[in-house]
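1. return a 3D structure for these sequence lines:
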Amino acid sequence: MRYATFKEDGRLKARYDDAFNVIPDGAIPLSPEIVELMAQTTEGYWELINGVVTHTVPPPPQLPINPVPTSISMRQARLALLQSGLLGQVDASIAAMPEASRIEWAFAATVERSHQLVAALAADLPLTSQQLDDLFTLGASL
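-> Okay, the predicted model is just below:
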């Protein structure tokens, strides 16, 4: 006969065969059908729900429908800023930054969401992380 023990959360802890193992107290006897299903199953997990041994396959994780782009072209960035009414503020902020930052802004082909210049601009304007995400998402659509 085959048996199983279950954790406090109900999930399978261990399986036992009385021909080879000492069966611990509290072990639940498994029907031959359940033993066969357990042998054939590779996905999901087994658990004890209301005294019934049940196989559960969780749904696959859902990815965001429209993940925020990690980079957009400088053209897309400027058009997104223009549409959002922020281009003038960004230009003023860039003008007040060190020369290296001004060169970076003027000649970069892309704008990276994680770049320190983007973080500095966001802090200066100020923009929330969600507002930055929205700008990058808008930019990617242009």
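2. SS state for the residue positioned nearest the centre of the chain?
-> In the chain, the residue lying closest to the centroid (C-alpha atoms, centre = their mean) is Leu63, at 6.9 Å. Under DSSP: H, G, I helix; E, B strand; the rest coil, Leu63 falls in the coil class.
3. residues contacting it?
-> Counting by C-beta atoms under 8 Å, 6 or more residues apart in numbering, Leu63 makes contact with nothing. Placement of C-beta: from N, CA and C, glycine included.
4. wait, Glu112 sits on Ser71?
-> Yes: using C-beta atoms under 8 Å, Glu112 makes contact with Ser71 at a distance of 4.8 Å.
5. and the two? Which one has more around it.
-> Regarding Glu112 and Ser71, a neighbour count based on other C-beta atoms under 10 Å identifies Ser71 as having more, with 18 against 14.
6. surely Trp46 forms part of a strand?
-> Yes: under three-state DSSP, Trp46 falls within a strand.
7. what about it, how many neighbours?
-> Neighbour count of Trp46, defined by other C-beta under 10 Å: 20.
8. how close does it sit to Ile28?
-> 11 Å (C-beta to C-beta, to the nearest Å).
9. grab the nearest non-local neighbour of Ser101.
-> In space, and not counting its chain neighbours, Ser101 is closest to Leu117: 5.8 Å by C-beta to C-beta, 6 or more residues apart in numbering.
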